[in-house]
Each structure stands twice: as C-alpha cells, then as structure tokens.
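**Q** what follows is a predicted protein model with its sequence.
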Amino acid sequence: MRLIDLSVPLATDMPVYPGDPRVAIAPALSVAADGVNVLHLDMGSQSGTHVDAPFHIDDALPTLDRLPLERFWGRAVVVDARGAEPRTPLGPSLFEGRLRAGAIVLVATGWSRHWGHDDYLAHPYLTPEAAELLVDAGIRTVG
C-alpha cells in the first residue's frame with residue numbers, strides 16, 4: 001500500500017479559521033546554547049492539518065486519543081468534486097456507486113490551491129444528508 005501525506009507544514013502566522021488562536025513557533029532551546037534544538041509552539045488544536053475528533057462538537061463524545069489509529073489509515077476512495085463553486089453544498093449524489101463499507105473517503109475539491117488566501121474559507125462542504133449517507137454506508141473517515 002502506498003501512503004500519501006496530505007498534511008501541510010506548521011508555520012508562524014499560517015492561515016487559521018477566523019477566531020482561532022494564531023500559530024506562533026519560536027526557538028526555545030538551541031544546540032549552540034543548550035545542546036539541543038527545541039521549539040516553543042503556540043497554537044489552537046484546529047491549526048493546519050488536523051482531525052476533527054467527535055469531542056470538537058460535543059463534550060460527551062470521544063477525544064482524538066480515544067479513537068483507534070486504524071481509523072485513519074487504509075484504502076481510500078477518492079471522489080472528484082473539483083470544479084465545485086465556492087460554498088457549494090456537496091450532496092449524496094456525489095457519492096453514488098462509490099462507497100465501500102470500512103473505506104476512507106477523500107473528497108478532492110482542488111481547494112488546496114486557495115491555501116493561504118481568504119478564498120480558502122469559501123470551500124465546498126458536505127450536506128447533512130451526504131454526511132448521514134457516509135455514516136450509514138460504514139465509511140470510517142472522511143477527508
């Protein structure tokens with residue numbers, strides 16, 4: 001199996017969702033002065049590439065450390081939603097005939113081209129009906 005890293009590097013003042021804490025990274029220790037390099041990180045849990053754990057929306061739901069690692073790697077189905085206009089709702093029809101129970105679904109919107117620009121926040125989004133379809137189909141992770 002080939003693994004593909006979809007993460008973005010963390011950097012000071014990288015884009016964050018409006019209202020989230022800004023990202024700041026600074027040296028804390030250095031090899032020259034302390035014998036090791038250590039960085040001080042100041043950021044919110046939703047900075048950069050992250051997983052929205054169920055706890056993100058409900059205090060009674062599991063935190064990320066309570067979810068099995070196996071949930072986040074494995075065979076993926078890529079669903080092409082490139083060409084969707086800003087703030088386009090992506091409904092259940094996008095996934096027709098594409099779902100396999102236990103799979104990871106990656107929705108390719110092409111929106112990464114807007115990373116670092118205000119347009120990034122106008123990304124397409126799943127409708128509640130599409131999200132329910134994915135859960136009912138036994139999809140274990142959506143990206």
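**A** That came in fine, so what should we check first?
**Q** neighbouring contacts of the longest helix seen in the chain?
**A** Identified as the longest helix of the chain according to DSSP state H is helix 128-136. Contact with helix 128-136 is made by 90-92, 94-95, 99, 105, 126, 142, as judged by Cβ atoms under 8 Å, 6 or more residues apart in numbering. Every C-beta, even on glycine, is put in place using the N, C-alpha and C of the backbone.
**Q** would TSV of those residues with neighbour count and pLDDT be doable?
**A** Shown next, in TSV, are the contacts of helix 128-136 (neighbours: other Cβ atoms under 10 Å; pLDDT from 0 to 100):
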residue	neighbour count	pLDDT
90	19	98
91	13	97
92	15	97
94	19	97
95	20	96
99	16	92
105	21	96
126	20	97
142	15	94
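**Q** how about those in JSON lines, adding secondary structure and distance to residue 26?
**A** JSON lines is the format used below for the contacts of helix 128-136 (DSSP: H, G, I helix; E, B strand; the rest coil; distance: Cβ to Cβ, whole Å):
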{"residue": "90", "secondary structure": "strand", "distance to residue 26": "39"}
{"residue": "91", "secondary structure": "coil", "distance to residue 26": "44"}
{"residue": "92", "secondary structure": "helix", "distance to residue 26": "46"}
{"residue": "94", "secondary structure": "helix", "distance to residue 26": "42"}
{"residue": "95", "secondary structure": "helix", "distance to residue 26": "43"}
{"residue": "99", "secondary structure": "coil", "distance to residue 26": "45"}
{"residue": "105", "secondary structure": "strand", "distance to residue 26": "38"}
{"residue": "126", "secondary structure": "strand", "distance to residue 26": "37"}
{"residue": "142", "secondary structure": "strand", "distance to residue 26": "34"}
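**Q** include distance to residue 52 when you put those residues into TSV, please.
**A** Output for the contacts of helix 128-136, formatted as TSV (distance: Cβ to Cβ, whole Å):
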residue	distance to residue 52
90	16
91	20
92	20
94	20
95	19
99	20
105	15
126	12
142	10
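**Q** what's the closest of these to residue 47?
**A** If you rank those by distance to residue 47 using Cβ to Cβ, residue 142 comes first, at 19.7 Å.
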